[in-house]
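Participant: how would this look folded up:
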Amino acid sequence: IDNFTGDLLCFYQLHYESAEEMLQPYSSAVYTWDEPYTTHSMVIKLPGYGNLGHFPMDNVGETRVLTIPKTTQVRKSKGIVDGLSSVARKLGSASMTSDGSERDDNCRDIQVVVKADGPTRVLAISDLSIHVPRTVSNFDL
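Facilitator: Model prediction:
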């Protein structure tokens, strides 16, 4: 699991919340299934916001973009990367959505992508207000 955000994330295998782990901002975690014979789906939570969703790890290439509040409880208390968000806003990357409509300045987009690195599945979570979105090609899968 790769966390390319300034947020602390929580994650666990679907239906096994008691095994929840935390992932620091801009860090990665190697994860093995708590129950390998059940659903291969990860739940990602953002403290101060809630559940971002569950992501089936067998759906390589699946990409979701989620809109969340710009400042979450954890982000606000630690002041992480807020300066980078303001730079992105000045450059104009945070003022329009992908469909050309105007963005709410109190929101930001998080991209979640399931990709493969050899036999390993990688769940990459990126803050699009800081990182340029990258499309997943067949070569990346």
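Participant: So in this protein, where's the weakest helix or strand by average pLDDT?
Facilitator: Considering only helices and strands, the least confidently modelled element of the chain by mean pLDDT, DSSP states H and E is helix 82-91, at a mean of 41.
Participant: May I have the strands that pair with the helix or strand just after that one, each with its orientation?
Facilitator: The element immediately downstream of helix 82-91 (helix or strand, assigned by DSSP states H and E) is strand 107-117. Strand pairing for strand 107-117, using DSSP bridges, gives strand 63-69 (antiparallel), strand 120-127 (antiparallel).
Participant: okay, the ones you listed in JSON lines with mean pLDDT next?
Facilitator: Listed next are the strands paired with strand 107-117 as JSON lines, based on pLDDT from 0 to 100:
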{"stretch": "strand 63-69", "mean pLDDT": "91"}
{"stretch": "strand 120-127", "mean pLDDT": "94"}
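Participant: For the most centrally placed residue in the chain, give the beta-bridge partners.
Facilitator: A centroid search over the chain (Cα atoms, centre = their mean) returns residue 125, at 2.6 Å, as the residue closest to the centre. When bridges are called by DSSP bridges, residue 125 pairs up with residue 3, residue 112.
Participant: what sits against it?
Facilitator: When contacts are counted by Cβ atoms under 8 Å, 6 or more residues apart in numbering, residue 125 is found next to 1-5, 9, 44, 52, 110-112. Every residue, glycine included, has its C-beta placed from N, CA and C.
Participant: which one of the residues you listed has the most neighbours?
Facilitator: Comparing those on neighbour count, residue 5 comes out first with 25 neighbours (neighbours: other Cβ atoms under 10 Å).
Participant: With that, I have no additional questions.
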